[in-house]
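>>> curious how this folds, go ahead:
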Amino acid sequence: MLLAVDVGNTQTVLGLFHGDELREEWRLTTQPLRTADEVDVDLAAVLERRGIGEGVIAASVLSSTVPTLVEPWTTALARRAGADPIVVGPGVRTGLAVRTDNPREVGPDRIANAVAAFALHGGPCIVVDFGTSTNFDVVSAREEFVGGALAPGVAISMDALYQRAARLVRVELVEPPSAIGRSTVTAMQSGALYGFAGLVDGIVGRIQRELGGTCPVVATGGLAPLISPHCATITAHEPWLTLVGLRIVWERATAAS
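Okay, here's the model as predicted:
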């Protein structure tokens, strides 16, 4: 089986594939100062809880937006699979041409998302990833990553508001009963949910006008189930889009080697 790992700034997402079927998935809190041995222990624990023993994982692929965790995860995955993982980055054949001013600065998770979105929905298409930041990734009809937009994430925006406003409180990110908040809590929830839904529709609308028409808009990321239903422009929700993209990248990279 193939183990795909996406190390993000807030969460680390793992998926176990048998062929193109995603059999298992996990979400862990990212801890940027972990050693290879600590990552190894964590990995062994989550696998063993699902009854996945030694010898089951034959290969692995890694995406990491946290530089300090690339080496620990590479070492831990090599121990588990018996071979070095494919680490998404410059020099790895993904099948996706990157047409930006500086291709090396594009995050590996954005590459994986673009690969998967094009494979599942064709192009041109737009990916909206609701993570630590809110990423908008644009893929052309020729499977080219042509750029996008980056906005603050919902959670960090709410944390900033709480920290900078003395009379506001930290609130749970849930859908409020109405857009008109009747308390400080529901007013903040309304601003977060409907404000970010409006942000998404506004940016997507501008991107689509530049592309020359409407196209598939794919939502992913931990907060996508909360916000995407309130976005008029979102056409699909793919909760494991990054993992699917990592599987496709692994297949293309190993076929090319």
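>>> and stretch 160-175, what's its mean pLDDT?
When pLDDT is averaged over stretch 160-175, the result is 68.
>>> do stretch 222-239 as well
95.
>>> endpoint to endpoint, it covers what distance?
Start-to-end span of stretch 222-239 (CA to CA, to the nearest Å) is 8 Å.
>>> could you shift the numbering so residue one becomes 616, and keep it that way?
New numbering, starting at 616: the last item is stretch 837-854.
>>> mind checking how far that stretch is from the chain centre?
13 Å (CA atoms, centre = their mean, to the nearest Å).
>>> so what touches that stretch?
Outside stretch 837-854, the residues that touch it by CB atoms under 8 Å, 6 or more residues apart in numbering are 625-626, 642, 731-732, 735-736, 743-746, 768-770, 788-790, 808-809, 811-812, 815-816, 819-820, 823, 831-835, 859. For glycine as for every other residue, the C-beta is placed from the backbone atoms N, C-alpha and C.
>>> could you flag which of those residues are buried?
The neighbour count (16 or more other CB atoms under 10 Å) marks 625-626, 731-732, 735-736, 743-746, 768-770, 808, 811-812, 815-816, 819, 823, 831-835, 859 as buried among the contacts of stretch 837-854.
>>> that older thread, could you list which of the contacts of stretch 837-854 belong to strands?
Mapping these onto strands (DSSP state E) picks out 626, 642, 743-745, 832-835.
>>> between those residues, which is nearest residue 799?
If you rank the ones in strands among the contacts of stretch 837-854 by distance to residue 799 using CB to CB, residue 745 comes first, at 24.0 Å.
>>> mind listing what that closest one touches?
Contacts of residue 745 (CB under 8 Å, 6+ apart): 768-769, 834-839, 841-843.
>>> likewise for residue 691?
Residue 691 touches 651, 654-655, 658, counting by CB under 8 Å, 6+ apart.
>>> if we use 10 Å, what do you get?
With contact set as CB atoms under 10 Å, 6 or more residues apart in numbering, residue 691 has these partners: 620, 649-659, 675, 677, 684, 700.
>>> residue 637 now?
Residue 637 sits next to 617, 619, 630-631, 854-855, 858-859, 862 when contact means CB under 10 Å, 6+ apart.
>>> same question, residue 662
Shown in contact with residue 662 (CB under 10 Å, 6+ apart): 618, 629, 631, 639, 641, 668-669, 671-672, 695.
>>> which phi and psi does residue 762 have?
phi 130, psi -160 (degrees, to the nearest 10).
>>> hmm, residue 742 and it touching each other?
No: look at residue 762 against residue 742 with CB atoms under 10 Å: they stay out of range, at 12.0 Å.
>>> neighbour-wise, which one of the contacts of residue 637 leads?
Counting neighbours by other CB atoms under 10 Å, residue 619 leads those with 30 neighbours.
>>> roughly how far does the closest residue to it other than its chain neighbours sit from residue 670?
Closest residue to residue 619 in three dimensions, ignoring its sequence neighbours and counting by CB to CB, 6 or more residues apart in numbering: residue 861, at 4.0 Å. To residue 670, residue 861 is 22 Å away according to CB to CB, to the nearest Å.
>>> ok, and for the helix or strand harbouring residue 840, which residues are buried?
Using DSSP states H and E, residue 840 maps to helix 839-842. Across helix 839-842, burial judged by 16+ other CB under 10 Å covers 839, 841-842.
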